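**Student:** I need the structure of the sequence given here:
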Amino acid sequence: MKSIAEILDRAVQGERLSPSEGLQLLQSAPLSWLGAAADAVCRRLHPEPYRTYNIDRNINYTNVCTAVCDFCAFYRGPKDDEGYVLPHDELFEKIREAGKLGADQILLQGGLHPSFKLDWYEDLLRSIKNAFPHINIHGFSPPEIFHFTKVNKLSLHEVLLRLREAGMGSLPGGGAEILVDRVRRAITRGKVLTDDWLNVMRVWHQLGGRSSATMMFGHVETLAERVEHLERLRKLQDETGGFTAFICWTFQPEHTAMSQIPPAGSHAYLRMLAVSRLYLDNFANLQSSWVTQGLKIGQLALQFGANDMGSLMIEENVVAEAGTVHYLTLNEIREAIREYGFEPRQRNVHYQLLPMEHEQRAIAANENWVNHRRAPSSRRAVYELV
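**Tutor:** Coordinates of the predicted model:
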């Protein structure tokens, strides 16, 4: 067995780690060593003098869901009185406001609604693109897409092709949790399993689409299963090259059916982030999860392998429903990047920098919106950091 130092040296030099080596790092590596190695890899992959963030609005068009996820405090069953479907005028107002604040995309996700056919989603996408042609729709998630194939009795290829033609621009990596069927069966019912989650991404990539990948950890999974999750993502990225970024965050147990599980702390988060940076050698970008970790740990993530601070997140409710209420202003995100010696730059879903004029307009608009953003009534629904 190689020593921890040997494994880290190999990773810093760009050599691929094996699953057993990834597990050894999670189990035994000193946190400071992991951080130094992950930072070295990040700086090798990203020698540029800036670190990035984006501005988007995360909109849940419905919270009605046929799946039962023990880790989710947001969903409502089909017969629940608290279930909703956003009216188009309310959804459009959210997009309009986001655009004024500098957003160039929205994240559009919802529950697995039992009644809506594919043409309902196509009409929704077309109406958004007709009203906001310059807004990218980072739309749906593998569980939703797989659900669409079952409800409509259509192939993945046809569903994804039709959604793309209707206006879906990119695919978020939501609903991954841990990509191991033992874990998925233990924490959810009625939701896509591992191979089908991955195949949604595979087909989307084959159509030329790009997507993100995620991990929610710190619940019933083992350390070996976390590594298996990374391994499955790395293999698919070898095959397709379609993932733009990876984002991991800790399970937020409050107000869920798994509230008895102690929440994972910042040490566990930074350890997982660093190992992810070392293991996912074919992923260009890793995001910080400040929305679950808060400003200081979210900032420290920039020294543990993350090159991106994620989204301003104009609204956030799914994580908030589970009792986590970290919110940052645009100025706080930019200052967090500056404090580590980097220039803050706004980017799009493809990690391309937006024009400086756009960025300056967004900064000015956000300065006038801070008080509104702090008001809980201004937020209704979102999903994940993607």
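**Student:** pLDDT below threshold where in the stretch 51-200 of the chain?
**Tutor:** Residues of the stretch 51-200 of the chain that meet the criterion pLDDT under 70 are absent altogether.
**Student:** which non-adjacent residue is nearest Leu300?
**Tutor:** Excluding the flanking residues, the one nearest Leu300 by C-beta to C-beta, 6 or more residues apart in numbering is Leu270, at 6.7 Å. Every residue, glycine included, has its C-beta placed from N, CA and C.
**Student:** please apply the same query to Arg10.
**Tutor:** Nearest non-adjacent residue to Arg10, counting by C-beta to C-beta, 6+ apart: Leu17, 7.1 Å away.
**Student:** okay, now the closest residue to Gly209 other than its chain neighbours: neighbour count?
**Tutor:** Take Gly209 and drop its neighbours on the chain: the residue closest to it by C-beta to C-beta, 6+ apart is Leu171, 5.9 Å away. By other C-beta atoms under 10 Å, the residues close to Leu171 number 30.
**Student:** same question for Ser3.
**Tutor:** So Ser3, with other C-beta under 10 Å, has 10 neighbours.
**Student:** OK, contacts around it?
**Tutor:** Residues near Ser3 by C-beta atoms under 8 Å, 6 or more residues apart in numbering: none.
**Student:** ditto for Arg96
**Tutor:** Phe132.
**Student:** within the helices and strands, which one has it?
**Tutor:** Assigning secondary structure by DSSP states H and E places Arg96 in helix 88-100.
**Student:** same question for Ser212.
**Tutor:** According to DSSP H and E, Ser212 maps onto strand 211-217.
**Student:** what does that strand rub up against?
**Tutor:** Against strand 211-217 from outside (C-beta under 8 Å, 6+ apart): 71, 170-174, 176-179, 201, 204-205, 226, 229-230, 233, 237, 242-251, 264, 268, 272, 276, 283, 384-386.
**Student:** now the longest helix seen in the chain: average pLDDT?
**Tutor:** For the chain, the longest helix by residue count, based on DSSP state H, is helix 223-240. Across helix 223-240, the average pLDDT comes to 98.
**Student:** can I get it as CSV, trimmed to CA atoms?
**Tutor:** Taking Å, rounded to 0.1, in the frame of the first residue of the first chain, the C-alpha atoms of helix 223-240 are listed here in CSV:
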residue,chain,number,x,y,z
LEU,A,223,-16.8,6.3,2.6
ALA,A,224,-16.3,3.6,0.0
GLU,A,225,-19.7,4.5,-1.5
ARG,A,226,-18.6,8.1,-1.8
VAL,A,227,-15.6,7.0,-3.8
GLU,A,228,-17.9,4.7,-5.9
HIS,A,229,-20.0,7.8,-6.7
LEU,A,230,-16.9,9.7,-7.9
GLU,A,231,-15.7,6.7,-9.9
ARG,A,232,-19.0,6.4,-11.8
LEU,A,233,-18.9,10.1,-12.6
ARG,A,234,-15.3,9.9,-13.7
LYS,A,235,-16.0,7.0,-16.0
LEU,A,236,-18.9,8.7,-17.7
GLN,A,237,-16.8,11.9,-18.1
ASP,A,238,-14.1,9.8,-19.8
GLU,A,239,-16.8,8.5,-22.1
THR,A,240,-18.6,11.7,-23.0
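**Student:** angle of that helix against strand 211-217?
**Tutor:** Here the directions of helix 223-240 and strand 211-217 differ by 180 degrees (axes from the mean of the first three to the mean of the last three C-alpha atoms, to 10 degrees).
**Student:** and helix 223-240, what other elements does it pack with?
**Tutor:** In terms of contacts (3 or more C-beta pairs under 8 Å, 6 or more residues apart in numbering; DSSP states H and E), helix 223-240 is packed against helix 19-28, helix 194-206, strand 211-217, strand 243-250, helix 266-279.
**Student:** closest one to Ala38 among those?
**Tutor:** With C-beta to C-beta as the measure, helix 266-279 is the member of these nearest Ala38 (3.8 Å).
**Student:** how far does the closest one sit from its chain's centre?
**Tutor:** The chain centre lies 16 Å from the centre of helix 266-279; the measure is C-alpha atoms, centre = their mean, to the nearest Å.
**Student:** repeat that for stretch 277-288.
**Tutor:** Remark: stretch 277-288 is offset 13 Å from the chain centroid, using C-alpha atoms, centre = their mean.
**Student:** now stretch 145-157
**Tutor:** Distance of stretch 145-157 from the chain centroid (C-alpha atoms, centre = their mean) equals 23 Å.
**Student:** what residues of it count as buried?
**Tutor:** Burial within stretch 145-157, assessed by neighbour count using 16 or more other C-beta atoms under 10 Å, is assigned to 145-149, 151-152, 156.
**Student:** ok, stretch 106-123 next?
**Tutor:** For stretch 106-123, the neighbour count (16+ other C-beta under 10 Å) marks 106-113, 116, 118, 121-122 as buried.
**Student:** in helices, which of the residues you listed appear?
**Tutor:** Reading helices off these with DSSP H, I get 118, 121-122.
**Student:** His255: which of those is nearest?
**Tutor:** Closest approach between these and His255, by C-beta to C-beta: Tyr121, at 29.0 Å.
**Student:** wait, that closest one touches Arg164, no?
**Tutor:** No - between Tyr121 and Arg164 there is no contact under C-beta atoms under 8 Å: 11.7 Å.
**Student:** out of the buried residues of stretch 145-157, which comes closest to Arg338?
**Tutor:** Taking C-beta to C-beta as the measure, Arg338 lies nearest Ile145 of the buried residues of stretch 145-157, at 38.5 Å.
**Student:** show me the contacts for that closest one.
**Tutor:** 156, 159-160, 163, 171, 200, 204.
**Student:** which residues of the stretch 51-200 of the chain fall in helices?
**Tutor:** Secondary structure of the stretch 51-200 of the chain (DSSP state H, counting those that start in this stretch): helices located at 88-100, 118-131, 142-152, 156-166, 181-187, 194-206.
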